[in-house]
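**Q** got a predicted structure plus its sequence, pasted below:
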Amino acid sequence: MIGVLKGMATTMKHALDGETFTVAYPEDEPEVSPRFRGVHKFSQERCIWCRQCENVCPNDTIQIVMDDKRNGEQYNLHIGQCIYCRLCEEVCPVDAIVLTQNFEFVADTKDEFALNMEELKNVPWYNDIDPIQTREPDREAWVGEGEGELDYQ
Amino acid sequence: MTLPETISGLLGIEGLAGTIIGSFLGAALVGTIMLANAALAGPWAKRKITAAFTDRISVNKFGPGGIGIIIPDSVRLLSKELIVPEGVDRPAWDIAPIVMVFSALLGFAVIPMGSGIHLADPSVGLIFAFAAASIASISLVMAGYSSNNKYSFLGGLRAVAQNLAYEIPLILTGLSVVLFAGSLQMGEIVAAQQETLVLGPIGIPAWFGLVNPFAFVLFMIANVAEVGRNPFDIPEAPTEIVAGFQTEYSSVYFVLLYLGEFVHIFFGGALIATIFLGGPAAPIAALSIIPGFVWFLIKIWGVFLFTQWLRSAVPRVRIDQLIEIGWKGMLVLSIANLFLTAIIVGVLPS
Amino acid sequence: MSLQTPSPDLDVGETPEGLDFDALADLLDEHVLEREQHINTEGFVVRPDEVETVLATLKREAGFDHCSCVTAQQYQDRYESIYHLKKYKDPTQELSIVVPTPSDAPLSQSATSVYETTNWHEREAYDLVGIEYDDHSDLRRILLPETWQGHPLGLDYNQKKPQVVPLREHANPVEEKTKVPGESDTMFVNIGPHHPATHGVLHLKTVLDGEQVVDVDPDIGYLHRCEEQMCQQSTYRHQIMPYPDRWDYISAGILNEWAYARTAETMADIEVPEYAQILRTMSAEMCRIAAHLLAIGTFALDIYGDFTAIFMYAITDRERVQNLLEDLTGQRLMFNYLRLGGTAWDLPEPRDQYFEKVREFCSYIPERLEEYHNLLSSNELFQMRVMDTGILPPEEAKNYGCTGPVARGSGVDYDLRRDDPYGYYPELDFDVITDDGCDNFSRALVRLEEMRESAKIIEQCVDALEDYPEDEREIQANVPRTLKPDPDTEIYKAVEAAKGELGIYMRADGTDKPARFKIRSPAFSNLQSLEIMAEGEYVPDMIAALGSLDIVLGEVDR
C-alpha cells in the first residue's frame, strides 16, 4: 500500500502548492516565439512575380496568374489549406512573404479563406503589420546554394 | 424531536395532518439541501478539485471562483435533446434514473444531520439506510439492461457483481459499530459517540472511527466501491466500456443519473459521518458553538474530497481483481473485524 | 555494436566486414534468378511461387529474423513485391527479396507462414497496388473500404473516376458476426472507431466471452490520407519534408522528418555538416521525450480513467519541451525543421539563454521521472493492473516485426540509433533500455527510462554545440536546387522514431519526384501484435495493451 499512498501524496502535493500551468486565455495570451509561423503577409510592392513560392508550395495554397508579358495579374492565397511550412518564405528572393506571428483568425466557411490580391490588402490580420518589421527573415539556410544553377522557371 | 415534529409544532397543526405536512416539508427541505450539495459538487466543485490536482485553473469566468457556472451548466444540460435510442426497454429505461436519485435521497431520512434536522429515527435506522442505498444497484441494472447497448449491458453486469461483493463487507463492518453502540437506531449510535476518551493527557472524542480505525478503513474502502468511484469505478469505466450503464442517457435523464451519483457519494459520506465520525458532533467541545449541521456538512464534503483525491491518483482495478478483493479480502477482514469487536465488547465490561 | 567480435556461430553470409552476398546467393542456389543493386543492399530476384521457400531458408539458415517491410509497386511491364529483410541483432545486415509478378496475373506466394508481420503488409499491397497473395489467410482490403473499386497506387487507376458504390454493396461486412447465433456464448462488440480508449479512429472488432476477449481484429484505415501518394507527387528537394510531421503527429515530427532526410540524403549522396547533425540529434531527442510523455500520459489515462493527474502532468511536461522546440523550429507540432543537407535554422539567439533553458529542462526530467515512478510504477494497484497482462514474448515480437519500445519491452535489444548509427549518435554515450517483462508494465517502464536517456543525449548535444567553433557552424550543405536521382535507384532506409523503426523505401525514375514512396510505419507493425497480447485477456487488459503499444493512427493509416 505504500506505493498507493506515495502516489496519493504526489497528487496532493500538486493540489496544495497552488501552482497552475494553464493560463486564462484570451486575457493572458501566451507568447509565441520569434520564429513562430503564423498567417502569411504578402507584400505586393516587393513581389517580382518569379512564381517560386507557387512552385514550392506543397499543396497549392498559392496560386499566381500572369499575363502574357509575365506581369502579375492575380495572387490568390487559399489560407484555409496552408500547412505553415514556411517554404514560400524561404524561397522568396525578395522577402515579399513573411509568415507573421498571428495565429488567430476565423471565418464562417472555408470559402472565405480563399483570398485574392485585393482581399489580401484588407484582411484584418494584415493591417499594421510590416513583414520585415515583424521578424528578421532568416534566410541563411539558402545562401550560396546550388552554385549558380538557380532556375527561376 | 425529529424535524417533522418540529415543523408541525411550529405551524401549530396537530394530529395526522400535522405529521403528514410536517413530513412533507421536512423531506422537501432535506432533499433540497442534498440536491443543492450535489449541484454544487457536480458542475463546480468537482471541476475545481480536479483542476487543483492537475495544475489547472478550470472555470473562473462567471461568479467568484467560477461558481456561477452551475447556472449555465444546468441550463445547458437540461435544454439538450433527450435522445431515446431505438429498442430501449421503455418503462425500465425511464424509471432507472429516477430510482437512482430517490434511492440515495431516501437514505437521508434516517440520518441525523444535527441542528435538529433529522427526519425520522426508527429503531432499525442503520438497516434502513443500507437497504435504501442498495436500491441504487437495481437502477444500475435497469439502466444497463434496458439501454439495448452492449456497453451498458456490460456496465450493468459489472455493477451487480460489484455491489454484491461489497455490500456484505459494508454491512458487516457497519454491524461492528452496532456492537459498540448496542443499538441500530441512528440517534443512539450518534449519542454513543458523545463521550470523550481519555488517553493519558489528551482527550479525544469517542468516535467509532477513532475507537476502531480498522473498521473505519474497511468501511471507507467498501463505501468507495459501493458508490463506484476510483479505484472501483468499473461500472462506468470510461476508457473501457465508454460510460457503462449511462452510455445511452442524455439530457434530463443523464442529469438525474449524474446527480444521483453525487447524492450517493454524499450519502456514503453521511453514513460514514454518522456511524464513525460522531455525526454532527464537533471534534472538540470548544468548537461546539459552530452548529452541528455545519459539522455534518464538513464531514460529508470531507468524504467527497477523499473520493476525488482517490480519483486523481489511484488506478481502476480490473473486474476479476475487484471481485477477488471483495470476496477474498474485504469479506474475510470484515468478519474478522466483527468477531474481534464482539470479543472486545463482550470482554471489556467484565 | 555492428563491430561485434566474430563469434564462431556466424550466420551464412555473415562476415566481420559485412554481408557476403555471394554466399547468400549460393545458399539460395537456383532460386535466385537475378541480383539487383539497391543503394542500401542487394536485391535477389526470386520466382513468385518460391517466396515461402526462399524466405524460410533465409530466416532459418541466414538469420534474417526481421522482415521490416513489404513494398509493392507496379512498373510498366510488371508488378513487384519487395521484402526488406533485416536482422534484429544487426540491422545493418540487410537483404531485399524482389518478387516480380506479371501485369496480367499478379499472383505471388504469401510470406505469412514465415513472417507473421507480412500479413498486414501484404494486405496493404493488395489493397493499394493490387498484387494478390496466394495462401494468404485473410486477403482483404486494409486501408480502404471493402467496397473500394480499383487499386489506387496501380498505374491504370483512374483517379478522376468517382467511387460510386451501389447501395447493395454497402452491406454491413460485420453483420454476420454481429448476429447472435443460437448456441454461442460470445458477444460481438465494436470497440471504436469512436471510443475513449482507441487513441484516435481505430476500430476493434472484438468478440467477448463475458468480459474476456476471444478474438480481436483491428480495423484500420479511418485516417488514411494517401500520404505515400502525396509524397510521390511532391519534389524531393522541398515539398516532401513538411509531410512526415503529419505521419506520427504526436510531437514526433523531427524524428519522422529525419527518416525522410536520411533516405533522401543517402540516395542523393549528400553529406550533412556535423553541426547540423548535432542540431538534428538534439531536436529529435526532444521530440522523443515529447512523444514518450504523451504515450505515458495516455497509457495512464487508459488505466486510471478520465483525464486524471498523470495525464495532465505528462501534458504539462510535454508543453515545456514544445516551448523549446517552438523556439528552435517555429512550431509546436508541425516542425518542418530539417532540410535535405541540414536544418532550416541555427539555434535561436541569444544562444546562451537557449542552452540554459535546455539544460534546465534536462535536469528537470530526472526529477519528474521520480514523480512518474511514484505515481505509476511503484503504485501497487497499478502494478496489479498491468503486470503479467498483455504478454508479448520476444519470439512473437520478432515474428510480428515489432520495434521500438514495444520490442525493447519484450527484451529484444534493437535500437537503430545504436545498431545502425546515423546523425551524431555514434559520438554520444547512451544506453538502450530493455526490459524482460514482456508485459504492459515493462513497455511503460522502457518509455519512462528512455526519457532519461534522451535527456542525457540532449545534454551531450548541448555540450557539443556550446563549444562548437563559430566559423564552422554550418547548418546546411550545398544541395542542388533540384534533385533528380538516377532512374531506377532504389533505397530503403530507416531511423529510430518514437514508436520504433520508421523506414522509407524510395524508387527514383529520373524526375524530381519519387516514383514510389513507401512508408514503413512502426505503429502499423506493432499494432498487429495486439491479437497476441489481447486474446484471452479481460477487456481492461486489452485496453491497457493497446495503450502500451502507443499507436498513432496517423502513422498506422498514413
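**A** Structure's in. What do you need?
**Q** can you give me the neighbour number for the residue of the stretch 101-250 of chain B found nearest chain C?
**A** Relative to chain C, the nearest point of the stretch 101-250 of chain B is B:T239 (4.2 Å; C-beta to the nearest C-beta). The C-beta positions use only the backbone N, C-alpha and C, and glycine is treated the same way. The number of residues packed around B:T239, counting by other C-beta atoms under 10 Å in any protein chain shown, is 23.
**Q** name the element it belongs to?
**A** Using DSSP states H and E, B:T239 sits in helix B:238-241.
**Q** which strands or helices does that helix pack on?
**A** Contacts of helix B:238-241 with other secondary structure elements, assessed using 3 or more C-beta pairs under 8 Å, 6 or more residues apart in numbering or on different chains; DSSP states H and E, are made with helix B:150-181, helix C:539-549.
**Q** tell me the buried residues in the next helix or strand after the longest one?
**A** So the one you mean is helix B:150-181. Later in the chain than helix B:150-181, the nearest helix or strand by DSSP H and E is helix B:186-192. Burial within helix B:186-192, assessed by neighbour count using 16 or more other C-beta atoms under 10 Å in any protein chain shown, is assigned to B:M186, B:G187, B:E188, B:I189, B:V190, B:A191, B:A192.
**Q** what does stretch C:39-57 give?
**A** C:39-48, C:50-52, C:54-55, C:57.
**Q** report the closest residue of the stretch 301-450 of chain C relative to chain A.
**A** When scored by C-beta to the nearest C-beta, the stretch 301-450 of chain C has C:G330 as its residue closest to chain A, at 3.6 Å.
**Q** quick one: pLDDT of that residue?
**A** pLDDT recorded at C:G330 is 84.
**Q** doesn't C:P348 make contact with it?
**A** No - here C:G330 lies out of contact with C:P348, judged by C-beta atoms under 8 Å, at a distance of 9.5 Å.
**Q** low pLDDT regions in chain B?
**A** Low-confidence regions of chain B, defined here as pLDDT under 70, cover residues B:1, B:198-201, B:203, B:285-286, B:349-350.
**Q** C:Q239: what secondary structure?
**A** In three-state terms, and counting by DSSP: H, G, I helix; E, B strand; the rest coil, C:Q239 is coil.
**Q** element containing the closest residue to it other than its chain neighbours, please.
**A** Take C:Q239 and drop its neighbours on the chain: the residue closest to it by C-beta to C-beta, 6 or more residues apart in numbering or on different chains is A:P58, 4.2 Å away. A:P58 belongs to no helix or strand when assigned by DSSP H and E.
**Q** dump the residue contacts of A:P58.
**A** Listed by C-beta atoms under 8 Å, 6 or more residues apart in numbering or on different chains, the contact set of A:P58 reads A:I83, A:C85, A:L87, C:S234, C:H238, C:Q239, C:I240, C:P242, C:Y243.
**Q** and with 6 Å instead?
**A** With contacts defined as C-beta atoms under 6 Å, 6 or more residues apart in numbering or on different chains, A:P58 is in contact with C:S234, C:Q239, C:P242.
**Q** circling back: neighbour count winner among C:G330 and C:P348?
**A** Per other C-beta under 10 Å, whichever of C:G330 and C:P348 has more neighbours is C:G330, with 27 against 19.
**Q** for chain A, which residues are neighbours of chain C?
**A** Residues of chain A found near chain C, taking C-beta under 6 Å from any C-beta of the partner chain as the criterion, are A:3-4, A:6-7, A:10-11, A:21, A:33, A:35-37, A:56, A:58, A:83, A:85, A:87, A:141, A:146.
**Q** PyMOL command for the buried members of the residues you listed?
**A** In PyMOL, the members of the residues of chain A next to chain C classed as buried (16+ other C-beta under 10 Å) are selected with the following command:
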select buried, chain A and resi 3+4+6+7+10+11+21+33+35+36+37+56+58+83+85+87+141
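**Q** mind listing the strands the lengthiest strand in chain A pairs with, and their directions?
**A** Among the elements of type strand in chain A, defined by DSSP state E, the one spanning the most residues is strand A:72-78. Sheet pairing here is set by DSSP bridges, and for strand A:72-78 it gives strand A:62-66 (antiparallel), strand A:114-115 (antiparallel).
**Q** now what about it, what contacts it?
**A** By C-beta under 6 Å, 6+ apart, the residues outside strand A:72-78 that reach it are A:W49, A:T61, A:I62, A:Q63, A:I64, A:V65, A:M66, A:D67, A:A114, A:L115, A:N116, A:M117.
**Q** does the longest helix seen in chain A reach chain B?
**A** Here the longest helix in chain A is taken by residue count, with DSSP state H as the criterion, and it is helix A:2-17. Yes - contact check for helix A:2-17 against chain B, using C-beta under 6 Å from any C-beta: residues in range are A:G7, A:M8, A:T11, A:H14, A:A15.
**Q** returning to what we had before: can I get the buried part of the contacts of strand A:72-78 as one ChimeraX selection?
**A** The following ChimeraX command selects only the buried members of the contacts of strand A:72-78, with burial defined by 16+ other C-beta under 10 Å:
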select /A:61,62,64,114,115,117
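**Q** closest to chain B out of the contacts of strand A:72-78?
**A** Ranking those by separation from chain B, with C-beta to the nearest C-beta as the measure, puts A:L115 on top at 33.7 Å.
**Q** and the closest one, how far from chain C?
**A** To chain C, A:L115 is 21 Å away according to C-beta to the nearest C-beta, to the nearest Å.
**Q** show me what the closest residue to that residue other than its chain neighbours bridges to in the sheet.
**A** Closest residue to A:L115 in three dimensions, ignoring its sequence neighbours and counting by C-beta to C-beta, 6+ apart: A:L77, at 4.9 Å. When bridges are assigned using DSSP bridges, the partners listed for A:L77 are A:I62, A:L115.
**Q** what distance do you get for A:L77 to A:M117?
**A** For A:L77, the distance to A:M117 equals 9 Å [C-beta to C-beta, to the nearest Å].
**Q** re the thing from before, quick check: mean pLDDT across the longest helix of chain A?
**A** For helix A:2-17, the per-residue pLDDT values average out at 82.
**Q** list the strands paired with the helix or strand following that helix, with their directions.
**A** Read in the C-terminal direction, the helix or strand following helix A:2-17 is strand A:40-42, with elements assigned using DSSP H and E. Strands that pair with strand A:40-42, judged by DSSP bridges, come out as strand A:97-99 (antiparallel).
**Q** mind listing what's buried in the partner strand?
**A** For strand A:97-99, a neighbour-count test (16+ other C-beta under 10 Å) marks A:I97, A:V98, A:L99 as buried.
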